[in-house]
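Trainee: coords below, sequence missing:
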């Protein structure tokens, strides 16, 4: 079992952090964060009110389907959100309700679903250009997944998971064969992989199956954080990530960052590297944790009103 795919993420992030121009890491704030006792958190078991839970095969297919469209935060301000729900939970609950009412989507359905279908299921208005663009990307990702399952695994989601042989690294390697999972940016002439959704899938499966069956992975401790726009936001608010005044002003005023731009790559990479450094500091103090646990702890902090009161960076991308 090789964790090389995760080490590549760590190496790339560290390399970016060394030469970043718009984002830096505050050492004192990092050490203070490493001493926070409430920072470590295991991912909660998904609640049926939010996620589809049925037979193991159908539940596994739901998680793969949801993670295939677990992106678009840069488009979320334009979504018709359910009361009290984020963009993500609007999509997750809509998908659950569709599966409960009409049955799970098999590989043939995934391979043929349209942008209009996605808009109908999620309750969105395709007349809004930004929404139409996101629904088109959703359909593209679902079509890719359906064809991938049909061509490689006889249409079975469990076949894809079984092929990983209880390895989160292997599952990520399989998933990044699909175009929209290839979460790699170029920065200063070298490639920087993040593989956010490819890594998140094993974590989500482990949570919903309580580490058993389709959720049994032996190397979850090797995952990096799931680099998106929330964890960096929390790290910024905690003083760990420091942005130049120009970048901070752009984000605070709601200006979109181009996906793959130097600033966007630096934000994600420095977040990954900061958490790795945080883990190292915690271990020196005898505290055992993983990037997966710290990601969840930081994500929970991101739900606090004090965090939500400030804008986070947004990019229109299929990576997060």
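Mentor: Nice, thanks for sending it over. Just so it is clear, the model here is predicted, and its values are computed rather than measured.

Trainee: Now do the strands in this structure.
Mentor: For the chain, applying DSSP state E gives strands covering 23-25, 184-187, 190-193, 241-243.

Trainee: Tell me how far residue 29 lies from residue 292.
Mentor: For residue 29, the distance to residue 292 equals 22 Å [Cβ to Cβ, to the nearest Å]. C-beta coordinates here come from the backbone N, C-alpha and C atoms, glycine included.

Trainee: For the closest residue to residue 91 other than its chain neighbours, the count of nearby residues, please.
Mentor: In space, and not counting its chain neighbours, residue 91 is closest to residue 122: 5.6 Å by Cβ to Cβ, 6 or more residues apart in numbering. Using other Cβ atoms under 10 Å, residue 122 has 24 neighbouring residues.

Trainee: Next one: residue 122 relative to residue 290, how far apart?
Mentor: In this view, residue 122 and residue 290 are 33 Å apart by Cβ to Cβ.

Trainee: thinking again about what came up before, so the residue nearest to residue 91 touches residue 94, yeah?
Mentor: Yes. With contact defined as Cβ atoms under 8 Å, residue 122 reaches residue 94; the gap is 4.4 Å.

Trainee: anything in contact with each of the two?
Mentor: Counting by Cβ atoms under 8 Å, 6 or more residues apart in numbering, residue 122 and residue 94 have no common neighbour.

Trainee: Could you point out the longest helix of this protein?
Mentor: The helix that spans the most residues within the chain, counting by DSSP state H, is helix 129-153.

Trainee: buried sites along that one?
Mentor: Residues of helix 129-153 classed as buried: 131-150, 153 (neighbour count, 16 or more other Cβ atoms under 10 Å).

Trainee: Residue 108 versus residue 16, what's the distance?
Mentor: Counting by Cβ to Cβ, the separation of residue 16 from residue 108 is 41 Å.

Trainee: Report pLDDT for the spatially closest residue to residue 85 that is not a sequence neighbour.
Mentor: Nearest residue to residue 85, sequence neighbours excluded (Cβ to Cβ, 6+ apart): residue 93, at 6.8 Å. Note for residue 93: predicted pLDDT of 96.

Trainee: let's have the chain start at 47 instead
Mentor: All set: I'll call the first residue 47, so the last point we hit is now residue 139.

Trainee: residues making contact with the longest helix of the chain?
Mentor: 110-111, 114-115, 117-118, 121, 124-126, 151, 153-165, 168, 170-172, 201-203, 205-206, 209, 223-226, 362, 364.

Trainee: Settle it for me: which of residue 62 and residue 154 has more neighbours?
Mentor: residue 62 (24 against 13).

Trainee: What is the burial count for the closest residue to the more buried one other than its chain neighbours?
Mentor: Nearest residue to residue 62, sequence neighbours excluded (Cβ to Cβ, 6+ apart): residue 315, at 3.6 Å. The number of residues packed near residue 315 is 26, by other Cβ under 10 Å.

Trainee: And residue 315, how close does it get to residue 295?
Mentor: According to Cβ to Cβ, residue 315 and residue 295 sit 21 Å apart.

Trainee: same thing with residue 112?
Mentor: Here residue 112 is placed at a distance of 35 Å from residue 295 (Cβ to Cβ).

Trainee: Same question for residue 238.
Mentor: From residue 238 over to residue 295 (counting by Cβ to Cβ), the distance is 25 Å.

Trainee: Comparing these two, which shows the higher neighbour count?
Mentor: For residue 238 and residue 295, the more surrounded residue by other Cβ under 10 Å is residue 238, and the numbers stand at 24 against 11.

Trainee: give me the beta-bridge partners of the more buried one?
Mentor: residue 231 (DSSP bridges).

Trainee: Now for it: which residues touch it?
Mentor: By Cβ under 8 Å, 6+ apart, the contact set of residue 238 is 58-59, 61-62, 230-232, 311, 315.

Trainee: ok, now residue 300?
Mentor: Taking Cβ under 8 Å, 6+ apart, one finds 357, 360 in contact with residue 300.
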